[in-house]
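K.L.:
next come a sequence and a model predicted from it.
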Number of protein chains: 2
Amino acid sequence: MNGPPRPRMDAANAALLTDLYELTMAQAYLAEGMREPAVFDLMVRRLPDSRNVLLACGLDDALAHLEALAFPPEAIESLRLLELFSEDFLGYLRSFRFTGDVHAVPEGTPVFAGEPILEVVAPLPEAQLAETFLLNQVTFQTMVASKALRVVRAAAGRTVVDFGLRRAHGTDAGIKAARAAYVAGVHATSNVLAGRCYGIPVRGTMAHSYIQAHEDELAAFRAFASRYPEAVLLVDTYDTLEGVRNVIRLARELGADFKIRAIRLDSGDLLVLAREARRMLDAAGLSRVGVFASGSLDESGIAGLVGAGAPVSGFGVGTRMDVSADAPSLDTAYKLVSYAGHPRMKLSSDKTTLPGRKQVVRVVRGGVAERDVIGLHGERLEGEPLLATVMAGGRRTAEGAGSVDAARARAARELAGLPERIQDLGRAEPPYPVEVSPGLCTQTERLRASLEGSVSRD
Amino acid sequence: MNGPPRPRMDAANAALLTDLYELTMAQAYLAEGMREPAVFDLMVRRLPDSRNVLLACGLDDALAHLEALAFPPEAIESLRLLELFSEDFLGYLRSFRFTGDVHAVPEGTPVFAGEPILEVVAPLPEAQLAETFLLNQVTFQTMVASKALRVVRAAAGRTVVDFGLRRAHGTDAGIKAARAAYVAGVHATSNVLAGRCYGIPVRGTMAHSYIQAHEDELAAFRAFASRYPEAVLLVDTYDTLEGVRNVIRLARELGADFKIRAIRLDSGDLLVLAREARRMLDAAGLSRVGVFASGSLDESGIAGLVGAGAPVSGFGVGTRMDVSADAPSLDTAYKLVSYAGHPRMKLSSDKTTLPGRKQVVRVVRGGVAERDVIGLHGERLEGEPLLATVMAGGRRTAEGAGSVDAARARAARELAGLPERIQDLGRAEPPYPVEVSPGLCTQTERLRASLEGSVSRD
């Protein structure tokens, strides 16, 4: 050991990015000989008030983690230092591989409260050790994708660019938020690394600092345009409408060489300024120069602008989308629903779980999703099954190898197949119906009676 | 190149974790010969409504990034693929090192709106390229530390353990939130990797799955206690008070070998359940067994329990602290305040900046901080200066090498020196006073007049 690892997840320490109790419980399971297959459901217990639907995301990282999960010597040494683990258990970890199966809804699938987004079927210690990381990635990415689809809906076909990296919660959040937003239909990102990793188009404009560093705004515009003829010019550093006038001056200077794509508004009353800027640009014969808006925007700000007919051709959306500002977490859970072939449940207030391995089906009529049914795995259910086997024996299946582009295409297709009230930004009344199948109802009631009986017997 | 990099920040790609415009602006600056020293301030423009004070955090990662910032061949190749950059500029990046100075408030320092948390002084392209990463880390870590100090305050001396990894926004957020919370006074974390990286005590209890996997709750308690005699037992899987009875049964079974430290409540009415559990444990002669509470807690939930005299000895706090649920971002900015020796400012509505390099002093009377003054660097100001030189010529100074423990000690000391109304959870009236020095006022007004004059002359 050469001191503590760098504070950054990498292949050597990824297995340590877990809650301690996963490891203490795994050690206890092994000592007790409890290696039978367990089934854990990862689902969202309740939707945030302001969400009619969620968009499943994060599966790719979840599966990549399970495929790679291992405890190299540095990780073993870190655990030994905690003085909680036996050499037997450390030996088990040394040769650990995840050998289980995962059944999941593909990324880009609309999901609702209570529906398993993924199910892990694996020997109990392995399934337990997967918990923290799977929750971390699936919760966060599903949350951002679910926010971003609202932003895309509000923009009603106009371009949306992700600007959120600077206020995302750390480096991983910046990368994954760009991906989740792209899956949800956002068109591009300012994040160079996310663009490179996922093939997302990368876009940028200019910052106030560039304007400020020059003698005056027109000099800055002139210099930037000479290098980037199709740039987007930021006009609000000093006085927004004077900035627009400077763009018009530049157009006169450059004549046919003027190819600036848009101006960008980043502060003030965006509706008023967009209208006035549009009028000024049109009057100067620059009707092909767009107006791009940014600055604390979210779906409601965008819907307000679009609804008022603001002449805006595109939006830069940052903080509020990438941190899902109105709902910065989801009430996810990873719950044991079966062990050694026997269904399991918990009865904690407001947190009761549905026991047993499951399937979710979506009933579609006339091209529109009508309702979902959560049923037992193997139960005969009418509708399109959502859970597919994405990992078998610790290795991804063909269905588990989905690309970002496939997830994005699926999201567009599946969202368009939801009832309009569910796609809309306002709270859907009634909410999308999610039913529990007769078989699952029976199993739940039977197990509840048996558990309550055993509790009250004491 | 062997295809896109893994979607995870590492030494080879960290330089790409940036907004595209930092790179396009840097290329333009270099082409224009603009390499003079620039000063950028990183500050929070406004405090969230529910915050009286922020706790500066994230500096260590910011400095580590600047020290390591480089563009290895894979990064250069990724940039070349964008078809935006000249070979001249890629050559500049190939030998890029950050050579500037950083002046910053040490981690664990209370800060207020408008005060620079750090200032970068470097050749303009270098200072510009630092922007996105510095904002990403300092914003997020300061946000979590500022939330966590409220949780610690509410707990009024009781133990607080960070349980937030599973719903933090990705892997980096999980690691850094544990660190920021520890700096703010949280006592331990469930996050094994954060514990290892930073020397934070690591704690864990048990999950519902452990109980459910066993034949019954008492069998689960018995098995866990045999391996971890001083464990915390989770009692709410089926019926909370029956869970407490099972703990008491176990105590009778084990006699002198019963060393269970606490029971854990994770759902239901925590006040009612804590009182009843306490009464039952005391009646059974188990007064040394504590009651540990968790489940959607934040500072207001904790303050409610503590205020009502709930017999709770410790709290597990997760999601709401790690995502700073009521204020999941800070309104940070990284603004050019000087270039080539000339002060700079912007005038955008509500986003006006104070020009020039600065110092912030804290005026302390009788051991209590009375007010802060933001002044010019070099101006004679009465009070304790907050900004220190933490990096010089691209290398950390002794003052830039602060440890997590030093930051935590500083936070405890400095927070205790704030007026009570600022430490309290309620909104402070009046807020902590932050003044602008005479010298900085004059400079700001002079520059504003000059900029407005130049705008209105056109």
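P.N.:
That came through, no problem.

K.L.:
show me where the stretch 351-458 of chain A has its strands.
P.N.:
Here the stretch 351-458 of chain A has its strands, by DSSP state E, counting those that start in this stretch, at A:358-365, A:368-376, A:384-385, A:388-392, A:395-396, A:434-436.

K.L.:
now those as TSV including distance to B:Val323?
P.N.:
C-beta: built from backbone N, CA, C; applies to glycine. Formatted as TSV, those follow (distance: least, C-beta to C-beta, whole Å):
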stretch	distance to B:Val323
strand A:358-365	27
strand A:368-376	28
strand A:384-385	33
strand A:388-392	28
strand A:395-396	30
strand A:434-436	26
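
K.L.:
which of those sits closest to A:Val151?
P.N.:
Distance to A:Val151, taken as C-beta to C-beta, is lowest for strand A:368-376 among these, at 21.7 Å.

K.L.:
buried stuff in the closest one?
P.N.:
A:Ala369, A:Arg371, A:Asp372, A:Val373, A:Ile374, A:Gly375, A:Leu376 (16 or more other C-beta atoms under 10 Å in any protein chain shown).

K.L.:
partners of the first one in the sheet?
P.N.:
Spelled out, that is A:Ala369. A:Val364 (DSSP bridges).

K.L.:
wait, it sits on A:Val363?
P.N.:
Yes. The pair A:Ala369 / A:Val363 is scored as a contact, 7.3 Å apart, by C-beta atoms under 8 Å.

K.L.:
if we can go back for a sec, out of the strands of the stretch 351-458 of chain A, nearest to B:Arg6?
P.N.:
strand A:395-396 (15.6 Å).

K.L.:
mind listing what the closest one pairs with, with the direction of each?
P.N.:
Sheet pairing for strand A:395-396, assigned by DSSP bridges, gives strand A:388-392 (antiparallel).

K.L.:
can I get the partner strand in PDB, CA atoms only?
P.N.:
Taking C-alpha atoms only, strand A:388-392 is exported to PDB below (Å, rounded to 0.1, in the frame of the first residue of the first chain):
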ATOM      1  CA  ALA A 388     -35.800  -8.200 -20.500                       C
ATOM      2  CA  THR A 389     -32.800 -10.300 -19.500                       C
ATOM      3  CA  VAL A 390     -29.900  -8.000 -19.900                       C
ATOM      4  CA  MET A 391     -27.300 -10.000 -18.100                       C
ATOM      5  CA  ALA A 392     -27.000 -13.700 -17.600                       C
END
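
K.L.:
hmm, who's touching it?
P.N.:
Here strand A:388-392 makes contact (C-beta atoms under 8 Å, 6 or more residues apart in numbering or on different chains) with A:59, A:63, A:66-67, A:100-106, A:118, A:396-397, A:399-400.

K.L.:
nearest to B:Val44 among the residues you listed?
P.N.:
For those, the nearest to B:Val44 is A:Leu59 (35.7 Å; C-beta to C-beta).

K.L.:
returning to that earlier point: and the strands of the stretch 351-458 of chain A as CSV, adding mean pLDDT and distance to A:Glu445?
P.N.:
CSV is the format used below for these (pLDDT from 0 to 100; distance: least, C-beta to C-beta, whole Å):
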stretch, mean pLDDT, distance to A:Glu445
strand A:358-365, 98, 16
strand A:368-376, 98, 13
strand A:384-385, 98, 24
strand A:388-392, 98, 29
strand A:395-396, 97, 37
strand A:434-436, 97, 10
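
K.L.:
in PyMOL, how would I select just the buried ones from the contacts of strand A:388-392?
P.N.:
The following PyMOL line selects those of the contacts of strand A:388-392 that are buried, judged by 16+ other C-beta under 10 Å:
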select buried, chain A and resi 59+63+66+100+101+102+103+104+105+106+118+396+400
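
K.L.:
how many residues are close by the residue in the stretch 201-350 of chain A positioned nearest to chain B?
P.N.:
Distances between the stretch 201-350 of chain A and chain B by C-beta to the nearest C-beta are smallest at A:Gly204, namely 3.3 Å. By the criterion of other C-beta atoms under 10 Å in any protein chain shown, A:Gly204 has 25 neighbours.

K.L.:
what sits against it?
P.N.:
A:Gly204 neighbours (C-beta under 8 Å, 6+ apart): A:Ser190, B:Asp19, B:Leu20, B:Tyr21, B:Leu23, B:Thr24.

K.L.:
mind redoing it with 6 Å?
P.N.:
Counting by C-beta atoms under 6 Å, 6 or more residues apart in numbering or on different chains, A:Gly204 touches A:Ser190, B:Leu20, B:Tyr21, B:Thr24.

K.L.:
which of the buried residues of strand A:368-376 lies closest to A:Leu425?
P.N.:
Looking at these and their distance to A:Leu425, the nearest is A:Ala369, at 18.3 Å (C-beta to C-beta).

K.L.:
pretty sure the closest one contacts A:Val360?
P.N.:
No. With contacts counted by C-beta atoms under 6 Å, A:Ala369 stays clear of A:Val360, the gap being 11.9 Å.

K.L.:
point out where the stretch 101-250 of chain A drops to low pLDDT.
P.N.:
Residues of the stretch 101-250 of chain A meeting the criterion pLDDT under 70: none.

K.L.:
now do the helices in it.
P.N.:
A:124-129, A:131-155, A:170-183, A:192-198, A:208-213, A:217-227, A:240-254 (DSSP state H, counting those that start in this stretch).

K.L.:
tell me the mean pLDDT over stretch A:14-30?
P.N.:
Here stretch A:14-30 scores 98 as its mean pLDDT.

K.L.:
stretch A:34-41 now?
P.N.:
98.

K.L.:
hmm, who's touching it?
P.N.:
A:116, A:119-121, A:123-124, A:127, A:334-340, A:357.

K.L.:
now do stretch A:84-97
P.N.:
A:Gln27, A:Leu30, A:Phe71, A:Ile76, A:Leu79, A:Gly394.

K.L.:
show me what counts as buried in the helix or strand encompassing the fifth one.
P.N.:
Here A:Leu79, judged by DSSP states H and E, is contained in helix A:73-80. For helix A:73-80, a neighbour-count test (16+ other C-beta under 10 Å) marks A:Glu74, A:Ala75, A:Ile76, A:Ser78, A:Leu79 as buried.

K.L.:
against B:Thr139, how distant is the nearest residue to the last one once chain neighbours are set aside?
P.N.:
Okay, so that is A:Leu79. Distance criterion C-beta to C-beta, 6 or more residues apart in numbering or on different chains; nearest residue to A:Leu79, sequence neighbours excluded, is A:Phe85 at 5.4 Å. Distance, A:Phe85 to B:Thr139, by C-beta to C-beta, to the nearest Å: 37 Å.

K.L.:
could you do A:Gly58 as well?
P.N.:
For A:Gly58 relative to B:Thr139 (C-beta to C-beta), the value is 23 Å.

K.L.:
try A:Glu370
P.N.:
From A:Glu370 to B:Thr139 the distance is 43 Å (C-beta to C-beta).

K.L.:
which of the contacts of stretch A:34-41 fall in strands?
P.N.:
A:Glu119, A:Val120, A:Val121, A:Pro123, A:Tyr334, A:Lys335, A:Leu336, A:Val337, A:Ser338, A:Tyr339 (DSSP state E).

K.L.:
which residues does the third one bridge with?
P.N.:
Applying DSSP bridges to A:Val121 gives these bridge partners: A:Val39, A:Asp101.

K.L.:
who touches the residue nearest to the spatial centre of chain A in this structure?
P.N.:
Residue closest to the mean C-alpha point of chain A, counted by C-alpha atoms, centre = their mean, is A:Gln141 at 2.3 Å. A:Gln141 sits next to A:Cys57, A:Gly58, A:Lys176, A:Ala180 when contact means C-beta under 6 Å, 6+ apart.

K.L.:
which of those residues sits closest to chain B?
P.N.:
A:Lys176 (5.5 Å).
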